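S.K.: return a 3D structure for these sequence lines:
(one chain, ligands or ions: 2)
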Amino acid sequence: MTFFEQDIMYLPGVGPRKKEVLSRELGINTFGDLLEDYPYKYVDRSKIYPISSLNGEMPYVQVRGRILSFDEFQGQGGKKRVVAHFSDGTGVVDLVWFSGAKYVYKTYHVGEDYIIFGKPGVYSGRYQFAHPDIEDASKIELSKMGMQPYYNTTERMKKLGWSSRSIDKLTKTLVEKLQNIDVPETLPQSVITHFHLVDRKTALTWIHYPKNADETSKARLRLKFEELFFVQLNILRYASDRQHKYRGYIFRHVGALFNDFYAHHLPFELTGAQKRVMHEIRDDMRSGAQMNRLLQGDVGSGKTLVALMTMLIALDNGFQACIMAPTEILAEQHLQTIREFLDGMPIRVELLTGIVKGKRRQKVLDGIADGTIQILVGTHALIEDNVVFQNLGVAVIDEQHRFGVAQRARLWHKNENPPHILVMTATPIPRTLAMTIYGDLEVSVIDELPPGRKPIVTLHKYDNQTTSLYNGIRQQIKLGRQAYIVFPLIKESEKSDLKNLEEGYEALKDIFPEFQLSKVHGKMKAAEKEAEMEKFVKGETQILVATTVIEVGVNVPNASVMVILDADRFGLSQLHQLRGRVGRGADQSFCILVTGYKLSSETRKRIDIMCETNDGFRIAEADLKLRGPGDLEGTQQSGIAFDLKIANLAQDGQLIALAREEAEKVLREDPQGQMAEYQMLWDRLRELRRTNENWSAIS
Ligand code: ADP
Ligand code: MG
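M.R.: Ligands and ions are numbered 1, 2, ... in the order given. All right, here's what the predicted structure looks like:
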């Protein structure tokens, strides 16, 4: 057993009770875990502040002086409070203890030279340090104090009396132990030299106890690089193993169905971007390797058509195809769109979702098994084990961010060979982030909208400006258009939100007595939902009052107004998705974001960027900067990207790219994992896969 694998219980100062807290609250079970529990900030302890310079805004500071006298106060509930008046000659602060009086009197004495470390607070007009760290000044060499690390603790730990200092003390013991052992390198010397990285032992020491900011940044660089490098190596190794393990079906020809569709059924010319992407997909599918391609394209850029043509190529080569959507509404809409496109062609397209039940379901399952159904459209229901294809050649996954890598993997086991996979997403992702989240996929981008689209005009209105808003809607509808009005329903289960929608719907009926309204939300029965949607799609109703169930995919080209109420409750990508429901026809479209007056500065930035641009990539970049990647849709489910301990996908874009390049280089040089120089990498990767649930899930 290595040093890193040793049970944390055997660290002096831990023991079974503390071990349990560390394990439960922070997931720390071994020496290695504690070493990798990095500080989230540092405070410079080489500096002493004059007491006269203190103010209540300061973070942790140090002062040096003497205790003038002690006082005792009787607090509420009969609790005793001990106060020491402390001075450095420039002023006086109070040191306060709410417990442990006996210990205080025994340990600290009037007139001795102390260094106090704490966060200054204000109480009854005086500065004070509550339960400060106190050190004997004669025992401290300031220049050697370095930076004080700060560690995360949970609420429950605080209740049990733990603080950042508790972790600090344990870490200090461990880092001291670390000095006496040989720490094996995890990176090859060539990489260390190339990037001027410090060795692993130094990095692990400095990350906890740097003497200055330079040591902090060197340690961080090394550890971030290492982390990102192994993430990339994991993804690339995985992709390359898969390529060796599985053969891809070879779709040699574009045949009768594709050609007939292209010549006689395609109602418009493909955009340049659509043509380019079709070429990329064609090349993949005849290469002999399994296609794993991510198709990125803004809402309305025409991804569905690309998906359909991809599926037709499979059909032309004697295979079946499926397309999987994240919601029932979207699956139904795909079914309808595809059937319309293929009208008059001898192709059987069927639907399989959770609501397809009983005999109807059995008929679909039979048709899939005997191959008479050529295109299957559905939801998650498609990846269930009882769905057995005769020969699935292509699987399209729409709106990828709701499907994880593991779910994607389940599709491969539907056949002897895995089908070609095309993943489509309308949430553009910054390049460096995509490298990590979708790192095992090739990427195609549709960066061009079909011709004749007018950019959507986005406006911000406050919720007391509804009269002009309603008049605007009225005007548009009188011109023959339709409007969406969206209520926030972040969690479909929240009753209060639903009530909000129901009441809003009733109010809107009174406001627009001259129009017909539809209503859709996630709690409705599927059939009911479908009927309401249907009325809006057919133009029988002019206003669709909805929750975010319409977020993805719904296509009503005649709709030209999107009103989003309480827009501050939506994230950027959600707002962008919702806005994409309009601007699909030839008419000028509008998106109105309604909020209250009081907005946080972050919310204001979100609204501003929405009003400024329709460019999904710019919005994605802004989103990443504002929120950080942990919250971005996709990162949670990706199974690869989250769980980073020190690197940050939002801030370390450049480093991600470098780590990627380096990992690619290693795999190029040592595709079989046999070179002695790189042995440590494969060992480390195996170890990471073994100990990290998320990494092993996909490998
Ligand atoms: P996405 O899925 O990328 O959001 P869709 O595939 O739903 O976009 O396409 C949006 C609309 O644009 C659909 O009505 C579709 O028929 C239409 N469309 C797609 N490609 C073209 C094109 N090349 N020219 C004109 N209209 C197109
Ligand atoms: Mg779509």
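
S.K.: buried stuff in stretch 286-296?
M.R.: Within stretch 286-296, the residues that qualify as buried are 286, 289-296, counting by 16 or more other CB atoms under 10 Å. To be clear about C-beta, it is placed using only N, CA and C from the backbone, and glycine gets the same treatment.

S.K.: give me the nearest residue to the closest residue to ligand 1 within the stretch 151-300 of the chain, chain neighbours excluded.
M.R.: Residue nearest to ligand 1 within the stretch 151-300 of the chain (CB to the nearest ligand atom): F268, separated by 3.8 Å. Spatially, and ignoring its direct neighbours in sequence, F268 is nearest to P450 (7.0 Å; CB to CB, 6 or more residues apart in numbering).

S.K.: number of residues surrounding that neighbour?
M.R.: 17 (other CB atoms under 10 Å).

S.K.: do the same with E503
M.R.: Look at E503: counted by other CB under 10 Å, it has 11 neighbours.

S.K.: which strand or helix spans it?
M.R.: Using DSSP states H and E, E503 maps to helix 495-511.

S.K.: which residues does that helix contact?
M.R.: 470, 485, 487-491, 517, 519, 521, 523, 543, 545, 547, 565 (CB atoms under 8 Å, 6 or more residues apart in numbering).

S.K.: quick one: which of those residues sit in strands?
M.R.: 485, 517, 519, 543, 545 (DSSP state E).

S.K.: highest neighbour count among those residues?
M.R.: Neighbour max across the ones in strands among the contacts of helix 495-511 (other CB under 10 Å) = V545, 27 neighbours.

S.K.: what's opposite that one in the beta bridge?
M.R.: Judged by DSSP bridges, the bridge partners of V545 are I485, K519.

S.K.: report the separation between it and I473.
M.R.: 12 Å (CB to CB, to the nearest Å).

S.K.: contacts (any at all) between ligand 1 and stretch 383-402?
M.R.: No: under the criterion of CB under 6 Å from any ligand atom, stretch 383-402 makes no contact with ligand 1; the nearest approach is 7.4 Å.

S.K.: list the buried residues for that stretch?
M.R.: Buried, per 16+ other CB under 10 Å, within stretch 383-402: 383, 387, 389, 391-402.

S.K.: go ahead and confirm V122 touches L54.
M.R.: No: in terms of CB atoms under 8 Å, V122 does not count as a neighbour of L54; the distance is 9.3 Å.

S.K.: who has more neighbours, the two?
M.R.: Taking other CB under 10 Å, V122 and L54 do not tie; L54 has more neighbours (20 against 11).

S.K.: list the contacts for the more buried one?
M.R.: If you count contacts by CB under 8 Å, 6+ apart, then L54 has 61, 63, 91, 93, 120, 127 around it.

S.K.: need the pLDDT of it.
M.R.: On pLDDT, L54 comes in at 89.

S.K.: phi and psi next, for it.
M.R.: phi -70, psi 150 (degrees, to the nearest 10).

S.K.: what about it, distance to D94?
M.R.: 12 Å.

S.K.: L236 contacts M435, doesn't it?
M.R.: No: counting by CB under 8 Å, L236 stays clear of M435, with 10.1 Å between them.

S.K.: when the two are compared, which one has more neighbours?
M.R.: More neighbours surround M435 than the other of L236 and M435, with 23 against 18 (other CB under 10 Å).

S.K.: how far is the helix or strand that the more buried one is a member of from where the chain is centred?
M.R.: Secondary-structure assignment from DSSP H and E places M435 in helix 431-437. Offset of helix 431-437 from its chain centre (CA atoms, centre = their mean, to the nearest Å): 11 Å.

S.K.: what about it, average pLDDT?
M.R.: 71.

S.K.: what residues does the chain have near ligand 1?
M.R.: 268, 270-271, 274, 297, 299-305, 426, 450, 555, 557, 584.

S.K.: in the stretch 251-400 of the chain, where is pLDDT below threshold?
M.R.: For the stretch 251-400 of the chain, the stretches flagged by pLDDT under 70 are 400.

S.K.: check contacts around D343.
M.R.: By CB under 8 Å, 6+ apart, the neighbours of D343 are H265.

S.K.: let me fix that, I meant to ask about M291.
M.R.: 248, 281, 284-285, 420-422, 442.

S.K.: what subset of these is buried?
M.R.: 248, 281, 284-285, 420-422.

S.K.: of those residues, which is the nearest to V43?
M.R.: V43 has its nearest neighbour among the buried ones among the contacts of M291 in I421, at 49.6 Å by CB to CB.

S.K.: list the contacts of A395.
M.R.: Counted by CB under 8 Å, 6+ apart, A395 has contacts 321-324, 411, 414, 419-422.
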